[in-house]
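Student: model the structure of this input:
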Amino acid sequence: MISKTKLFANEVKAELAKATWPWDAQDKGFKKYKELTDSTIIVIVAMLLLGGFVAFWDLILSTIVSFLIIK
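Tutor: Okay, the predicted model is just below:
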């Protein structure tokens, strides 16, 4: 059991050494998470644009449908 745990820990350590991390270990503070903050901003802007697009077409189509139903 202990040997399997040690083997697992060594394999995890080897896999983590292969990983590329999205920050430089020398950076400090928010600069360390620049890629994360940039990606978050891009996602928020994209969601706002998509929400505006959907809201615009919802308004247009609901106006058309209500015009057709009322007449």
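
Student: burial count for residue 59?
Tutor: Per other C-beta atoms under 10 Å, the neighbour tally for residue 59 reads 10. (Each C-beta comes from the backbone N, C-alpha and C, glycine too.)

Student: can you tell me the helix or strand for residue 13?
Tutor: helix 2-18 (DSSP states H and E).

Student: that helix - what's its average pLDDT?
Tutor: Average pLDDT, helix 2-18: 92.

Student: low pLDDT regions in the chain?
Tutor: 23, 25, 71 (pLDDT under 70).

Student: where do the helices of this structure begin and end?
Tutor: 2-18, 34-70 (DSSP state H).

Student: what about residue 50, how many residues nearby?
Tutor: So residue 50, with other C-beta under 10 Å, has 10 neighbours.

Student: roughly how far apart are it and residue 40?
Tutor: 16 Å (C-beta to C-beta, to the nearest Å).

Student: check residue 9 too.
Tutor: Here residue 9 is placed at a distance of 33 Å from residue 40 (C-beta to C-beta).

Student: repeat that for residue 57.
Tutor: 27 Å.

Student: again, but for residue 2
Tutor: For residue 2, the distance to residue 40 - C-beta to C-beta - is 42 Å.

Student: ok, these two, which is more surrounded?
Tutor: residue 40 (11 against 6).

Student: convert stretch 6-20 to PDB, retaining C-alpha atoms only.
Tutor: Provided in PDB are the C-alpha atoms of stretch 6-20 (Å, rounded to 0.1, in the frame of the first residue of the first chain):
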ATOM      1  CA  LYS A   6       4.800   6.600  -3.300                       C
ATOM      2  CA  LEU A   7       4.600   5.400  -6.900                       C
ATOM      3  CA  PHE A   8       1.500   7.500  -7.400                       C
ATOM      4  CA  ALA A   9       3.100  10.600  -5.800                       C
ATOM      5  CA  ASN A  10       6.200  10.200  -8.000                       C
ATOM      6  CA  GLU A  11       4.000   9.900 -11.100                       C
ATOM      7  CA  VAL A  12       2.000  13.000 -10.100                       C
ATOM      8  CA  LYS A  13       5.200  14.900  -9.600                       C
ATOM      9  CA  ALA A  14       6.500  13.900 -13.000                       C
ATOM     10  CA  GLU A  15       3.300  14.900 -14.700                       C
ATOM     11  CA  LEU A  16       3.200  18.300 -13.000                       C
ATOM     12  CA  ALA A  17       6.800  18.900 -14.100                       C
ATOM     13  CA  LYS A  18       5.600  18.400 -17.800                       C
ATOM     14  CA  ALA A  19       2.700  20.900 -17.300                       C
ATOM     15  CA  THR A  20       3.000  24.500 -18.500                       C
END
